[in-house]
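Participant: just a sequence and a predicted model for now, questions to come.
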Amino acid sequence: MNLTFLVFLIGFVYGFVNPGRENKLRLLRNSLAVGFVFGVLIALLFFVFTLPAGLFVPFIPLLGGLAGIVAGVFIALYFGLVFIIGTFIGDVLESLLKR
């Protein structure tokens, strides 16, 4: 199963099961926070594993660490938006079925 579809499905179920409207801005803020944490972890791992190469080309670990942080934030933003779209559709279906 595709990971994007799985995140959408989890968001759909979350929006459908939780009563009332969900705070989309809070969900987006939380996904960015999680993305920053994952980005820092990816950057730290990249820095540790490329440290031997950094002896010969010093900017590789730093550039990779920065790229890891940026990639982590963008990936979390992408999956956060997919999750929010799923919760929105789940909220709409919940409101239609409760009428």
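Facilitator: Arrived safely, thanks for sending.
Participant: rest of the way, CA atoms for contacts and neighbours
Facilitator: Fine.
Participant: now do the SS call for the residue positioned nearest the centre of the chain.
Facilitator: Nearest to the geometric centre of the chain sits Ala76, at 1.9 Å (Cα atoms, centre = their mean). Counting by DSSP: H, G, I helix; E, B strand; the rest coil, the backbone at Ala76 sits in helix.
Participant: correct me if wrong: it contacts Arg29.
Facilitator: No - counting by Cα atoms under 8 Å, Ala76 does not reach Arg29; the two are 10.3 Å apart.
Participant: what pLDDT does the model give Phe74?
Facilitator: Phe74 is assigned a pLDDT of 83 by the prediction.
Participant: brain fart, Met1
Facilitator: On the pLDDT scale, Met1 is placed at 66.
Participant: and Leu45, how close does it get to Phe36?
Facilitator: From Leu45 over to Phe36 the distance is 14 Å, taken as Cα to Cα, to the nearest Å.
Participant: nope, Ala76 is what I meant
Facilitator: For Ala76, the distance to Phe36 equals 8 Å [Cα to Cα].
Participant: what sits against Gly90?
Facilitator: Neighbouring residues of Gly90 by Cα atoms under 8 Å, 6 or more residues apart in numbering: 11-17.
Participant: rerun that using 10 Å as the cut-off
Facilitator: Contacts here follow Cα atoms under 10 Å, 6 or more residues apart in numbering; on that basis Gly90 touches 8-18, 21-22, 84, 96.
Participant: okay, and the common contacts of Ala76 and Arg29?
Facilitator: Common contact partners of Ala76 and Arg29 (Cα under 10 Å, 6+ apart): Gly35.
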